[in-house]
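Engineer: Just the structure for this:
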Amino acid sequence: MPLLALEDACLAFGHVALLDHVQFQLDAGERVALIGRNGSGKSSLLRVLAGQSSLDDGHLRADSSSVIAYVPQEADFALEGDIFDAISGALGEAARLLQDYHATMLALAQHADEAAMERLAHLQQQIEAADAWRLQQRTETLIDQLGLDAQAPLAALSGGTLKRVALARALVQNPDVLLLDEPTNHLDIDGILWLEELIRNFRGAVVVITHDRAFLDRVATRIVALDRGQLGSYPGTYAEYRARRDQELAAEQRAAEKFDKFLAQEEIWIRKGIEARRTRNEGRVRRLHELRRERAARRELQGNVRLALARGEESGQMIVELDRVHKAFGDKTIVRDFSARVLRGDRIGLVGANGAGKTTLLKLFLGELHADSGQIRHGTRQQVAYFDQMRAQLDPERPLTEVISPGSDFVEIGGVRKHVISYLGDFLFPPARARSPVRSLSGGERNRLLLARLFARPANILVLDEPTNDLDTETLELLEELLCDYNGTLFLVSHDRTFLDNVTTQLFAAEGDGLWREYIGGYSDWLAQRPARPAADSRKRAPQPAAAPPRPKPAREPDGRLSWKEKQELAALPERIGQLESEQAALHARLADPEFYRTQGAEAATVQKRLAALEAELEAAMARWETLETRASASAK
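Structural biologist: Predicted coordinates:
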């Protein structure tokens, strides 16, 4: 028997059908990734499965013995009290007893009195009667496993820590079904890897909404896509889903073109003159009316965002140079003895745990903060556009048009003047919504609006702080292409590993205690290059990424196109192969010279070892060049 099932489910928002007579089934042990365009109704579907929203029509059937836990995008509990209160609060009546017992114990630790002792004894009896000791132990174990401080006040927690608390509130219920809405938002990379392991080891079934492609590939056993009110089920990985989905869309387009051609022929027939009307077939007329109704009911595939940047004038060659920079706030050192140089065209990624100081380092790069010591030198002719992850630049009461172009009906992109409503249409905001207030938008739509605002301003330096949160995968991939073609300088803070791999040329990674280190490449390159990290104490922390083997670079999409980094790699490979061959020839010449053995015979073993290594490097470089060249030729056809 399935744990959850939807039968002929219908749900509409206004005149738009989010669910149009859909079927869905969740079986024990499944890990389902629910994906779809922003605004397609994924969160609404998850709330229906959680029992927090009702269907307009159809049925939701759930196993009566199953416990269902739902974690929304934002915290749905009051930010009052401490972490223990928040987590135990998910346990119902037992929670009140445990919270009272917890508070009484803290009071006794500070000041022992007879009344408190009697209160504690009374609570112990009630807890024993309700079998709540087991629940308290589960709560304390979860807090310990997640590395949380039971007494930390909720109001002072970061977004990432609040997300852990929300997950703990769900897990403490020992659920059979776990429903997660964008759980990776606000989590750092360590937190995302921890969550991956948690879901993979979870004994029950999981439905998760996510646009993190690396997370999706590692976690999901089945992908369910919500598109124009219908659910499609695709077992396997995201790459396999994309291949099948592309085939389905191509077949759908061919069928639609064939239908439209036939309808056009029938429309021509019905509009013929008097002679045709005399012999008109009434059955054919009825069929035409049916064709018209079918065409009117068709829901077209939502178009893609059309991204374009209003590039400013070219900046100077040198963007910023840091020399032995130190920055601290009180006793906490954020940046310690850090030196770096950023040049025009660099694509810099900043990675590290929440609270490591990524935003502080960004502000040092941009000149918004002064260093406590060391030198910072900035370049010339710099125009900066800043994407703020908190969306502070968006006034919720202003209409969309005023956010994009205050006081004007036009924007200028790449020297082309465009009406603001047409420009909003490029970001999938229909004209009917162009003058709606910002507060009416979903999280993903607000991110799209912020991108539209950002790209409408001339800039030669882009600063993107968590731009991938809430964006659907199609928009993410288009944003990647835009950034790869951007000829300015990019500073990117992101926990999306695939996005980092596809966009950045180098990373600045927080190593702890204010130390930062530069790595060439993206996330996968950082994993391969960074020093091994000590194993974490399992009693204090959740599973850490150092315990997992390094993951290979994510595969490119089925279209075979080269990323920006791969194009650069392909261009550099012939020179690299030539250097290796020259070194190989020189070493062979040394070994062939009898004088070498008389004067430097002790080095012969070292030279032989280097020759063996060169042979392997050459073979790998030639194989890589052949692979990239083949893909480049195929994509050019």
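
Engineer: Closest to the centroid, which residue in the protein?
Structural biologist: Geometric centre of the chain, nearest residue: residue 212, 3.7 Å, by Cα atoms, centre = their mean.

Engineer: Grab the nearest non-local neighbour of that one.
Structural biologist: residue 184 (4.9 Å; Cβ to Cβ, 6 or more residues apart in numbering). Placement of C-beta: from N, CA and C, glycine included.

Engineer: didn't that neighbour look like it was pressed against residue 213?
Structural biologist: No - between residue 184 and residue 213 there is no contact under Cβ atoms under 8 Å: 11.0 Å.

Engineer: and stretch 1-8, which residues are buried?
Structural biologist: Residues of stretch 1-8 classed as buried: 2, 3, 4, 5, 6 (neighbour count, 16 or more other Cβ atoms under 10 Å).

Engineer: Stretch 453-465 too?
Structural biologist: 453, 454, 455, 456, 457, 459, 460, 461, 462, 463, 464, 465.

Engineer: Take those residues and lay them out in a markdown table including secondary structure.
Structural biologist: As requested, those are exported to a markdown table (DSSP: H, G, I helix; E, B strand; the rest coil):
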| residue | secondary structure |
| --- | --- |
| 453 | helix |
| 454 | helix |
| 455 | helix |
| 456 | coil |
| 457 | coil |
| 459 | strand |
| 460 | coil |
| 461 | strand |
| 462 | strand |
| 463 | strand |
| 464 | strand |
| 465 | strand |
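
Engineer: Closest to residue 176 out of the residues you listed?
Structural biologist: residue 465 (37.7 Å; Cβ to Cβ).

Engineer: Just confirm the closest one contacts residue 387, I think it does.
Structural biologist: Yes - taking Cβ under 8 Å as the definition, residue 465 is a contact partner of residue 387 at 5.9 Å.

Engineer: Is the closest residue to residue 360 other than its chain neighbours in a helix, a strand, or coil?
Structural biologist: Counting by Cβ to Cβ, 6+ apart, residue 334 is the residue found nearest to residue 360 once chain neighbours are left out, at 4.7 Å. Put simply, residue 334 is strand when judged by three-state DSSP.

Engineer: Return the residues in contact with residue 334.
Structural biologist: Residues counted as contacts of residue 334 (Cβ atoms under 8 Å, 6 or more residues apart in numbering) are 327, 328, 356, 357, 360, 361, 514.

Engineer: Name the member of those residues that has the highest neighbour count.
Structural biologist: Counting neighbours by other Cβ atoms under 10 Å, residue 361 leads the contacts of residue 334 with 26 neighbours.

Engineer: buried stuff in the helix or strand that that one is a member of?
Structural biologist: Following DSSP states H and E, one finds residue 361 within helix 358-366. Of the residues in helix 358-366, 358, 359, 360, 361, 362, 364, 365, 366 count as buried by neighbour count, 16+ other Cβ under 10 Å.

Engineer: who does that helix touch, helix- and strand-wise?
Structural biologist: The contact analysis (3 or more Cβ pairs under 8 Å, 6 or more residues apart in numbering; DSSP states H and E) places helix 358-366 against strand 318-329, strand 332-343, strand 347-351, strand 461-465, strand 489-493.

Engineer: so residue 287 sits in a helix?
Structural biologist: Yes - if the criterion is three-state DSSP, then residue 287 is within a helix.

Engineer: Look up how far residue 87 lies from it.
Structural biologist: The gap separating residue 287 from residue 87 is 63 Å, by Cβ to Cβ, to the nearest Å.

Engineer: So which of these two has more stuff around it?
Structural biologist: residue 87 (29 against 12).

Engineer: Can you verify the more buried one is assigned to a strand?
Structural biologist: No - Residue 87 sits outside any strand when classified using three-state DSSP, being helix.

Engineer: Please look at it and residue 169 and confirm they touch.
Structural biologist: Yes - under the criterion of Cβ under 8 Å, residue 87 makes contact with residue 169 at 5.4 Å.

Engineer: in the stretch 101-250 of the chain, what spans have low per-residue confidence?
Structural biologist: Low-confidence segments of the stretch 101-250 of the chain (pLDDT under 70): 112, 130-133.

Engineer: The stretch 251-400 of the chain too?
Structural biologist: For the stretch 251-400 of the chain, the ranges with pLDDT under 70 are 269-282, 284-285, 288-289, 291-292, 294-312, 388-393.

Engineer: Let's see that with 90 instead.
Structural biologist: Scanning the stretch 251-400 of the chain for pLDDT under 90 picks out 251-317, 330-331, 353-357, 359, 381-397.

Engineer: which stretches of the stretch 401-550 of the chain form strands?
Structural biologist: 410-413, 416-419, 461-465, 489-493, 506-512, 515-520 (DSSP state E, counting those that start in this stretch).

Engineer: Make JSON lines out of the ones you listed and add mean pLDDT and distance to residue 248.
Structural biologist: Formatted as JSON lines, the strands of the stretch 401-550 of the chain follow (pLDDT from 0 to 100; distance: least, Cβ to Cβ, whole Å):
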{"stretch": "strand 410-413", "mean pLDDT": "82", "distance to residue 248": "33"}
{"stretch": "strand 416-419", "mean pLDDT": "85", "distance to residue 248": "34"}
{"stretch": "strand 461-465", "mean pLDDT": "89", "distance to residue 248": "32"}
{"stretch": "strand 489-493", "mean pLDDT": "93", "distance to residue 248": "33"}
{"stretch": "strand 506-512", "mean pLDDT": "92", "distance to residue 248": "37"}
{"stretch": "strand 515-520", "mean pLDDT": "93", "distance to residue 248": "39"}
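
Engineer: With distance to residue 20 added, can I get those in a markdown table?
Structural biologist: Shown next, in a markdown table, are the strands of the stretch 401-550 of the chain (distance: least, Cβ to Cβ, whole Å):
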| stretch | distance to residue 20 |
| --- | --- |
| strand 410-413 | 36 |
| strand 416-419 | 33 |
| strand 461-465 | 36 |
| strand 489-493 | 38 |
| strand 506-512 | 44 |
| strand 515-520 | 48 |
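
Engineer: For residue 624, find the nearest of the ones you listed.
Structural biologist: strand 515-520 (16.2 Å).

Engineer: which neighbours does that closest one have in its sheet, and in what orientation?
Structural biologist: Sheet partners assigned to strand 515-520 using DSSP bridges are listed as strand 506-512 (antiparallel).

Engineer: In the partner strand, which residues are buried?
Structural biologist: 506, 507, 508, 509, 510.

Engineer: got the CA coordinates for that strand in PDB?
Structural biologist: Provided in PDB are the C-alpha atoms of strand 506-512 (Å, rounded to 0.1, in the frame of the first residue of the first chain):
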ATOM      1  CA  GLN A 506      39.200  30.300  -9.200                       C
ATOM      2  CA  LEU A 507      37.900  30.000  -5.700                       C
ATOM      3  CA  PHE A 508      38.800  31.700  -2.400                       C
ATOM      4  CA  ALA A 509      38.000  29.100   0.300                       C
ATOM      5  CA  ALA A 510      37.700  29.700   4.100                       C
ATOM      6  CA  GLU A 511      40.100  27.300   5.800                       C
ATOM      7  CA  GLY A 512      39.100  28.300   9.400                       C
END
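
Engineer: what angle separates it from strand 347-351?
Structural biologist: 20 degrees (axes from the mean of the first three to the mean of the last three Cα atoms, to 10 degrees).

Engineer: Show me how far strand 506-512 is from its chain's centre.
Structural biologist: Relative to its parent chain, strand 506-512 has a centroid offset of 19 Å by Cα atoms, centre = their mean, to the nearest Å.

Engineer: ok so, going back, which residues touch the residue nearest to the centre of the chain?
Structural biologist: Contacts for residue 212 (Cβ under 8 Å, 6+ apart) come out as 184, 192, 468, 496, 497, 498.

Engineer: again with residue 74
Structural biologist: Contacts of residue 74 by Cβ under 8 Å, 6+ apart: none found.
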